[in-house]
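Visitor: Got a sequence here, can you build the structure:
(2 chains)
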Amino acid sequence: MIPEIGHFALIIALCLALVQTIVPIIGAQTNTSQWIAVAKPAARGQFLFIIISYICLTYSFIKNDFSVLYVANNANTALPLQYKISAVWGAHEGSLLLWVLMLSAWTFAVTIFSRSLPNNMVARVIGVMGFVSVGFLLFTLLTSNPFERIFPVPLEGRDLNPLLQDPGLVIHPPMLYMGYVGFSVAFAFAIAALLDGKLDSAWARWSRPWATFAWVFLTIGIALGSWWAYHELGWGGWWFWDPVENASFMPWLVGTALIHSLAVTEKRSSFKNWTVLLAILAFSLSLLGTFLVRSGVLVSVHAFATDPARGVYILLFLAIVIGGSLLLYALRAPKIKSIGQFDLVSRETALLLNNVLLLVAMFTILVGTLYPLFLDALNAGKISVGPPYFNAVFVPLMLPLVLIIGIGPFLRWKKAGLAETFKKLLKILVIGLVIGTALPFVVAGKTSILVVLGISLGAWSICAALYYLFRNVFRKEAKLSSFQRFKKIPSATYGMVVAHIGIGIFVFGVTFVGAFEQEKEVPMRIGEKVEMAGYEFGFNGVKNVQGPNYSSKQASLNVYKNDKLIATLLPEKRTYLVQESPMTEAGIDTGFLRDVYVALGEQIDNEAWGMRLYYKPFIQWIWLGAALMALGGLLAALDKRYRLKLKREKVAIVSANAKQAAAATS
Amino acid sequence: MRPKRKQRLIFITILFLGFSSAAALGVYALQKNKTYFHTPAEIVAGNVQQDKLFRVGGLVVEGSVNRFSDGVTTEFDLTDTSGTVTLRYKGLLPDLFREGQGIVAQGKLNADGIIIAQEVLAKHDENYMPPEVADALKESGASHPDNIPKKNY
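Guide: Numbers count the residues shown, from 1 in each chain, chains lettered A, B, ... in the order given. Predicted coordinates for the structure are as follows:
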């Protein structure tokens, strides 16, 4: 009964989504206020029914209702409760339901936080989001119904993929989806503005916080995925350039470009065409990511489905969305005028360079991800493009980007003096180089040109961000006291500073781990000690441990530094009972300056086991940096400027509406 | 030049420089770093040069896995049923490496015709068969596609 209610609720949601698409958009084009008024209730109703549907599926999981195929495939009576709840998005069908839930949640948020926007605009935005929702709901209902029943009902479920039974994976997909789907809001704003034919700086101001929020979620989602891979895959890596990682990274790069380009459009009324294209591109890449992951064209852990019907559907949908929005753009673009002008040396140029570098980086990743697929489709041979390619193209593109991060904020809008800026930043450059030269020696006792370059750039970006804040507080020329100025700094500025520091921290982590990590794969006998990177690993033995739905061999190793015991690591090799798949749980001693990481390999004989030992300097800085970027984005999105201006506009709109009404009656 | 035009020129120049350098970088790196996939039969037939990195996929031959005395080096045979090659790998094998299991490896041929693997991949699903392996088996014709395990029950 419950699954049928869920299924039915999903169908009602589809009907509401159709209404939400058609009525408000027609209403907005013809200025019919009754039709426009349908937008919000339809969107809220859709949200409600999708919640009902989602709760029904979760309930089926908690109650072990194995008559539902999806539950039978992805759960088991022995599965712990938290993983039953997260198993809802553990495979294809449920993760689509999560996707539409997120989409309707974002739409719901738009209905709440858009009171001050013109009704026409809101109606169009909600209509466009409704269209996307129709696409995904149809996809779910036609090709991937999570409520499908099976008969005979199995007594026991096949259990959740053991790889996904990890706290990191409980929150990774929802965060990632929040980001992916969040770009649909910026996309909807862009399309709404194109439909309206009016792209002004108000439009940029409205969509800016939404784009930034989506970017924050995506940042957290990607970072969690990487953190999970580090803990769960037992290879000690944090990024593999796996096609699925790339699928989430490409929208992130374009999203990063978008939030910077929106700044120019808002402040300077420039880059309008470019910003619209970026908004369309960011969302298209989110859809492409879904296509790549869900259609099964990629060889990956994430590719659940290998159903050609699904692939064809998503491809068609992708074609409609991208083709339709580009067509609309082509029709409207001649009308869009960018007003602001700028010189070669200006903040605009710096942001333009930032955008180009990010886009070019995205483009090279896209090529590396799709090229093997193209060759395969053309029967031109099977190739694979691995990390060496991505590192070779990505790193050289990021070096100038980090350099610009330091300079950009110090450049004035429109026209900046090159000599003046250089004079301001010379000391920061020197400090960066000094840190870059000295720090590797302190940390590792050795260095190389690439390390000096990496650390200098990381230090440069951190110091430049701090210096920017410092100058804003202790400026000589202004009348206010330092404290008053400190209080007056908008939250958006803190956001920029924190995010740019995050980049620097991230670069530190990547550089140090890349250059100074150490790895040893050795057979170890019980009682034997192995030395690596100044740490001594003593193998105490292996014992059997029983988990709720797995049995495990747990090794115990003592880690010593200078003959002092600093940690006891317990790496495991688990066998999940239902799927009979082995899983590695790494034993990790996490530290601010280094991780010591042990993965348990095969048993060699009674006394000896294969063991993989890693020393990972500064690896936590990678996620710390990502967390700071996300925090920075959050601070920027919460800037009260957006709310204040909204209030002021509200007054203007109310008076404009009154004038319109007066004109209509007279 | 009018400022408007000058601005457009800056815009286009930067875009052009960015994308063309990326294209050059990308093509160069692709040429250098792409690795071809070969079936064991192709390798046996001598279609693969020595010292060139490539990928190979197939089933691990039952009873062929042989661990060296150093504890971390393993040698095993890989087959697509119409050809069999020997691989040597120094390092811990992935969790799902088993005899009879489909795997993909990346490595180079040495002078003795043994593939020195740098990487061995086996996916995290006992029923999973890397598509390359499935294709290689299909191409060899010896195995009917229906015999290839699928994620079905």
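Visitor: Give the other helices and strands that the host helix or strand of A:Ile365 contacts.
Guide: Assessed by DSSP states H and E, A:Ile365 sits inside helix A:347-377. Other helices and strands packing on helix A:347-377, by 3 or more Cβ pairs under 8 Å, 6 or more residues apart in numbering or on different chains; DSSP states H and E, are helix A:243-268, helix A:272-294, strand A:383-385, helix A:387-407, helix B:3-33. Glycine gets a C-beta too; all of them are placed from N, C-alpha and C.
Visitor: ok, the residue in chain B that chain A sits nearest to to B:Thr13 distance?
Guide: Closest residue of chain B to chain A, Cβ to the nearest Cβ: B:Gly71 (2.8 Å). Using Cβ to Cβ, to the nearest Å, B:Gly71 is found at 59 Å from B:Thr13.
Visitor: between those two, which one's more packed in?
Guide: When B:Gly71 and B:Thr13 are compared for neighbours, B:Gly71 comes out ahead with 21 against 11, by other Cβ atoms under 10 Å in any protein chain shown.
Visitor: Which residue is the nearest non-sequential neighbour of the more buried one?
Guide: A:Pro523 (2.8 Å; Cβ to Cβ, 6 or more residues apart in numbering or on different chains).
Visitor: tell me the contacts of that neighbour?
Guide: A:Ile604, A:Ala608, A:Trp609, A:Gly610, A:Met611, B:Asp70, B:Gly71, B:Val72 (Cβ atoms under 8 Å, 6 or more residues apart in numbering or on different chains).
Visitor: Then A:Ala586?
Guide: A:His231, A:Glu232, A:Gly234, A:Gly236, A:Pro571, A:Tyr597, A:Val598, A:Ala599.
Visitor: What separation do you get for it and chain B?
Guide: Applying Cβ to the nearest Cβ, to the nearest Å, the value for A:Ala586 to chain B is 12 Å.
Visitor: Now do the same for that residue: its pLDDT.
Guide: A:Ala586 is assigned a pLDDT of 89 by the prediction.
Visitor: Please, a PyMOL command that selects the buried ones among the contacts of A:Pro523?
Guide: Buried subset of those, written as a PyMOL selection, criterion 16 or more other Cβ atoms under 10 Å in any protein chain shown:
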select buried, (chain A and resi 604+608+609+610+611) or (chain B and resi 71+72)
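Visitor: out of the contacts of A:Pro523, which one sits closest to A:Val513?
Guide: A:Met611 (20.5 Å; Cβ to Cβ).
Visitor: least trustworthy helix or strand in chain A by mean pLDDT?
Guide: helix A:640-665 (a mean of 56; mean pLDDT, DSSP states H and E).
Visitor: Now do the phi/psi pair for A:Asn31.
Guide: Here is the backbone geometry of A:Asn31 (degrees, to the nearest 10): phi 60, psi 40.
Visitor: Show me the shaky parts of the stretch 301-450 of chain A.
Guide: A:301-308, A:338 (pLDDT under 70).
Visitor: so the closest residue to chain B within chain A is in which element?
Guide: Closest residue of chain A to chain B, Cβ to the nearest Cβ: A:Pro523 (2.8 Å). Here A:Pro523, judged by DSSP H and E, is contained in strand A:518-525.
Visitor: same deal with A:Lys427?
Guide: Assigned by DSSP H and E, A:Lys427 falls in helix A:418-444.
Visitor: quick one: B:Asp77 is in a strand?
Guide: Yes: checked against DSSP: H, G, I helix; E, B strand; the rest coil, B:Asp77 lies within a strand.
Visitor: Domain-wise, how is chain B divided?
Guide: B:1-34, B:36-147 (automatic domain parsing).
Visitor: Now for the nearest residue to A:Leu353 once chain neighbours are set aside, how many residues are close by?
Guide: The shortest distance from A:Leu353 to any non-neighbouring residue, by Cβ to Cβ, 6+ apart, is to A:Ile404 (5.5 Å). Neighbourhood size, A:Ile404 [other Cβ under 10 Å]: 17.
Visitor: Quickly note the distance from A:Ile404 to A:Lys337.
Guide: 27 Å.
Visitor: re the thing from before, residues in contact with the residue nearest to A:Leu353?
Guide: A:Ala350, A:Leu353, A:Asn354, A:Leu357.
Visitor: Neighbour count for these - can I get that in a markdown table?
Guide: Output for those, formatted as a markdown table (neighbours: other Cβ atoms under 10 Å in any protein chain shown):
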| residue | neighbour count |
| --- | --- |
| A:Ala350 | 20 |
| A:Leu353 | 19 |
| A:Asn354 | 19 |
| A:Leu357 | 22 |
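Visitor: okay, among the residues you listed, which ones form the most distant pair?
Guide: Longest span within the contacts of A:Ile404, Cβ to Cβ: A:Ala350 and A:Leu357, 10.8 Å.
Visitor: Show me the helices in chain B, by range?
Guide: B:3-33, B:40-44, B:131-140 (DSSP state H).
Visitor: Output these in TSV, with mean pLDDT and distance to chain A appended to each entry.
Guide: Shown next, in TSV, are those (pLDDT from 0 to 100; distance: least, Cβ to the nearest Cβ, whole Å):
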stretch	mean pLDDT	distance to chain A
helix B:3-33	78	4
helix B:40-44	86	11
helix B:131-140	60	6
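Visitor: Can you convert the ones you listed into a markdown table and add a column each for distance to A:Gln518?
Guide: Listed next are those as a markdown table, based on distance: least, Cβ to Cβ, whole Å:
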| stretch | distance to A:Gln518 |
| --- | --- |
| helix B:3-33 | 25 |
| helix B:40-44 | 34 |
| helix B:131-140 | 33 |
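Visitor: and of the ones you listed, who's closest to A:Ser270?
Guide: helix B:3-33 (8.5 Å).
Visitor: what's residue 105 in contact with, if anything?
Guide: Using chain A. A:Phe47.
Visitor: wrong one, I was asking about chain B
Guide: B:Arg55, B:Val56, B:Gly57, B:Leu78, B:Leu87, B:Tyr89, B:Ile115, B:Ala117, B:Glu119, B:Val120, B:Leu121.
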